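Student: Sequence first, predicted coordinates after that:
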Amino acid sequence: AQKVTQAQTEISVVEKEDVTLDCVYETRDTTYYLFWYKQPPSGELVFLIRRNSFDEQNEISGRYSWNFQKSTSSFNFTITASQVVDSAVYFCALALRSGYSTLTFGKGTMLLVSP
Amino acid sequence: EAGVTQFPSHSVIEKGQTVTLRCDPISGHDNLYWYRRVMGKEIKFLLHFVKESKQDESGMPNNRFLAERTGGTYSTLKVQPAELEDSGVYFCASSQEGRAGEHEQFFGPGTRLTVL
């Protein structure tokens, strides 16, 4: 069975600091997808990124960047120059390619950015 | 285009009562998922519909939970009778035709259920 671990329960930073959210996953499948979702105070889960297991290229989108390393089964998420609006709970998730596998989520990391 | 909607946003009921949660997926999305997050824990899968058929209900906790998806459109999740441990946030998500990882799952805002 697959598993996603987000060891950081809560992180507090001051605005403009860089912050990295860790995600480690476990699966025996060779083909899978990794996701990050953001849950702001309003409650809905907002999709941030989807990454195929065959694509290890790092990705940057504005202040967000993702570092995917299969060798360590990690898919870490970095926010550069954090802002108060980044305060949210962030979830990492895994979906297998086989069958109709659903999303397996980590416990989430609450990020608090103070002014 | 409207996103995934869920009703109600909050529900407070007493142990032993019945509650029905509703989810309206994005129009045209064949896949509909129900998830639940108990306070401080992971978001856990409950079940998956493909159109009106249950593809996977391995995450349903017990037979007090009943999910339906009439005509492949909206879905309901009924809890009867509710127990204290059923408290949590119930999320619904939908995605286009295909397997879980192939397309983004769009989530609704969730229904916060509190059982007293």
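Tutor: Right, received. Where do you want to start? Here the structure is a predicted model, which is why all the values come from computation and not from measurement.
Student: quick one: low-confidence parts of the chain?
Tutor: In the absence of a named chain, chain A is used. A:98-101 (pLDDT under 70).
Student: ah, no, chain B please
Tutor: Ranges of chain B meeting pLDDT under 70: B:1, B:99-101.
Student: where exactly do the strands run in it?
Tutor: Ranges of strands in chain B, per DSSP state E, are B:5-7, B:10-13, B:19-24, B:31-37, B:43-50, B:53-56, B:65-68, B:75-79, B:88-95, B:106-107, B:111-115.
Student: Could you point out the bridge partners of the residue nearest to the spatial centre of chain B in the sheet?
Tutor: Centroid-nearest residue in chain B: B:Trp34, 3.1 Å away (criterion: C-alpha atoms, centre = their mean). Beta-bridge pairing of B:Trp34, defined through DSSP bridges, involves B:Leu47, B:Cys92.
Student: residues touching it, list them.
Tutor: B:Cys23, B:Phe45, B:Leu46, B:Leu47, B:His48, B:Ala67, B:Ser75, B:Leu77, B:Tyr90, B:Phe91, B:Cys92 (C-beta atoms under 8 Å, 6 or more residues apart in numbering or on different chains). (Each C-beta comes from the backbone N, C-alpha and C, glycine too.)
Student: all helices in chain A, in order from the N-terminus.
Tutor: Taking DSSP state H, chain A contains no helices at all.
Student: which stretches of it form strands?
Tutor: Under DSSP E, chain A gives strands at A:3-5, A:10-14, A:19-21, A:24-26, A:32-39, A:46-52, A:59-61, A:64-69, A:74-79, A:88-96, A:104-105, A:109-114.
Student: what would those strands look like in JSON lines with distance to B:Glu85 and mean neighbour count?
Tutor: Compiled in JSON lines, the strands of chain A are given as follows (distance: least, C-beta to C-beta, whole Å; neighbours: other C-beta atoms under 10 Å in any protein chain shown):
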{"stretch": "strand A:3-5", "distance to B:Glu85": "22", "mean neighbour count": "17"}
{"stretch": "strand A:10-14", "distance to B:Glu85": "24", "mean neighbour count": "13"}
{"stretch": "strand A:19-21", "distance to B:Glu85": "29", "mean neighbour count": "18"}
{"stretch": "strand A:24-26", "distance to B:Glu85": "27", "mean neighbour count": "16"}
{"stretch": "strand A:32-39", "distance to B:Glu85": "22", "mean neighbour count": "22"}
{"stretch": "strand A:46-52", "distance to B:Glu85": "28", "mean neighbour count": "16"}
{"stretch": "strand A:59-61", "distance to B:Glu85": "39", "mean neighbour count": "10"}
{"stretch": "strand A:64-69", "distance to B:Glu85": "35", "mean neighbour count": "16"}
{"stretch": "strand A:74-79", "distance to B:Glu85": "31", "mean neighbour count": "20"}
{"stretch": "strand A:88-96", "distance to B:Glu85": "22", "mean neighbour count": "24"}
{"stretch": "strand A:104-105", "distance to B:Glu85": "19", "mean neighbour count": "23"}
{"stretch": "strand A:109-114", "distance to B:Glu85": "23", "mean neighbour count": "17"}
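Student: Of all those, which one comes closest to B:Val38?
Tutor: Shortest distance between B:Val38 and the strands of chain A, using C-beta to C-beta, is found for strand A:104-105: 12.1 Å.
Student: counting contacts, what elements does the closest one pack onto?
Tutor: Here strand A:104-105 touches strand A:3-5, strand A:88-96, strand B:43-50, going by 3 or more C-beta pairs under 8 Å, 6 or more residues apart in numbering or on different chains; DSSP states H and E.
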